[in-house]
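Trainee: Predicted coordinates and the sequence they were generated for:
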Amino acid sequence: MTTFQAPKGTYDLLPPDSATFLAVREALAAPLKNSGYGYVETPGFENVDLFARGVGESTDIVTKEMYAFETKGGDRLALRPEGTASVLRAALQANLQNEGNLPVKLWYSGSYYRYERPQKGRYRHFSQIGAEAIGAEDPVLDAELIILADQAYRSLGLRDFRILLNSLGDKECRPVYRAALQEFLRALDLDEDTRRRIEINPLRVLDDKRESVQKQLTGAPLLGDYLCDACKAYHEQVRELLAEAGVDYEDDPRLVRGLDYYTRTTFEFVHDGLGSQSAVGGGGRYDGLSEMIGGPSLPSVGWALGVDRTVLALEAEGVKLELPPATSVFAVPMGEQARRVLFGTVTALRRAGIAADFAFGGRGLKGAMKMANRSGARYAVIAGERDLDEGVVQLKNLESGEQSAVEVDAVVDRIARELGR
Ligand code: ATP
Ligand code: MG
């Protein structure tokens, strides 16, 4: 019989590591929940054209990395490669922009799919926490999102990351820059594919990771020199707001990022311990996206943080999260009658909101105590026939080793008190 393996470029999350993963997800989302962002969940797949139009026909994501397929009913769908297009689609579909004050602030958490070349930190199935603030053009909003991401990473104990910041201009100044860049790029020695890219989306050539391309780009015109006054002023405000908040950033005039829809503020969080998969998160303003997918003009800004890479960044910095043990009380029954009684105690503990587990499968005392210790529980409740004859169970503090007899009916209250409930 063949045994099955997880598909290439994917991995399973299993205990105990999965607890860290969950804690990272929670930590990345916590600042958003605290800042007026509401939770949004969209399907794992969408009409393929949403991404083609929203992410950009010429991006790697759409041309190479998308899991696109046709359903039995003839619909052309794609597994979502990113979150922004879906979230904006959902907001537009529900008319959230007409319901109250703008911006509509949303956060999400989920799985994303890209057919990439798998390597450490680059998977075909990965996890993001994202935030979108839809329908407002205000540098405070751009700053807010960057500050919240910074806070999220710091709350986990990460320190060796940097924030790269740039402005991509708007529909006034970007075309002028685009033309200047195209002229520069056309004169370079580049392969067929890249030459095509010059004509479709020349900014993406700046993002080419190949050494042979990068070294020809030294003299390339920089967007910063072409920004119109409005974009310059906007960007200056974002920079000042970050500085006032004490958030360090680096101006990176070459930062462009992989998606077509970005305008003005663009940023990336990079971690220096991750080798070439160094981006732990990124985002920016996407003032034109709503119109690109058929909506009204809704200037917006957002980010997505990679959960997988954030976990790797913690490892790289040697940060171990302090996770509370999953179990507070472990029940160790000796004999059939004790199984009944202690299972009742465990159920009562759980109903009282106290995490409890049980030595299943009729183990001997030694094996069961080993399990109790391994569970991380503070207390073991142990009972044999003799205890039950006397109407008691043994409550053992697994840290100090102290043990005392407690009446069966009083044990839940006693444990609750000891745990400070
Ligand atoms: P990269 O330049 O590394 O390909 P990206 O620009 O494609 O990143 P985004 O689309 O901005 O990434 O996604 C936001 C974050 O999601 C990234 O910063 C990264 O942490 C994470 N991410 C993106 N693609 C993957 C992947 N294939 N595997 C794991 N994490 C990923
Ligand atoms: Mg990518």
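Mentor: That came in fine, so what should we check first? Ligands and ions are numbered 1, 2, ... in the order given.
Trainee: ok, and the closest non-adjacent residue to residue 114?
Mentor: residue 65 (4.0 Å; Cβ to Cβ, 6 or more residues apart in numbering). Quick note: C-beta positions are derived from backbone N, CA and C, even for glycine.
Trainee: tell me the contacts of the one you found?
Mentor: Neighbour list for residue 65: 81, 114-116 [criterion: Cβ atoms under 8 Å, 6 or more residues apart in numbering].
Trainee: Please apply the same query to residue 105.
Mentor: Going by Cβ under 8 Å, 6+ apart, residue 105 touches 35-38, 131-134.
Trainee: Bridged to it, which residues?
Mentor: Taking DSSP bridges, one obtains residue 133 as the residues bridged to residue 105.
Trainee: Please enumerate the helices of the stretch 101-250 of the chain.
Mentor: Along the stretch 101-250 of the chain, counting by DSSP state H, counting those that start in this stretch, helices occupy 139-155, 174-186, 192-200, 211-214, 229-244.
Trainee: out of those, which comes closest to ligand 1?
Mentor: Among the helices of the stretch 101-250 of the chain, helix 139-155 comes nearest to ligand 1, with 10.5 Å by Cβ to the nearest ligand atom.
Trainee: circling back: what would the contacts of residue 65 look like in CSV with neighbour count and pLDDT?
Mentor: Below are these laid out as CSV (neighbours: other Cβ atoms under 10 Å; pLDDT from 0 to 100):
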residue, neighbour count, pLDDT
81, 24, 97
114, 20, 98
115, 16, 98
116, 16, 96
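Trainee: So which residues on the stretch 201-350 of the chain come close to ligand 1?
Mentor: Residues of the stretch 201-350 of the chain lying close to ligand 1 (Cβ under 6 Å from any ligand atom) are 257-258, 277, 279-282, 304, 306, 308-309.
Trainee: Which two among the residues you listed are spaced furthest apart?
Mentor: Greatest spacing in those, by Cβ to Cβ: 257 and 308 (18.5 Å).
Trainee: Please give me every residue in contact with the one residue in the chain that gets nearest to ligand 1.
Mentor: Per Cβ to the nearest ligand atom, residue 306 is where the chain lies closest to ligand 1, at 2.2 Å. Shown in contact with residue 306 (Cβ under 8 Å, 6+ apart): 126-128, 279-281.
Trainee: what do you get if the cut-off is 6 Å, keeping everything else the same?
Mentor: Neighbour list for residue 306: 128, 280-281 [criterion: Cβ atoms under 6 Å, 6 or more residues apart in numbering].
Trainee: The helix or strand bottoming out on mean pLDDT in the chain and ligand 1, any residue contact?
Mentor: Lowest by mean pLDDT, DSSP states H and E among the helices and strands of the chain is helix 60-63, with a mean of 86. No. Contact of helix 60-63 with ligand 1 (Cβ under 6 Å from any ligand atom) is absent, the minimum separation being 6.9 Å.
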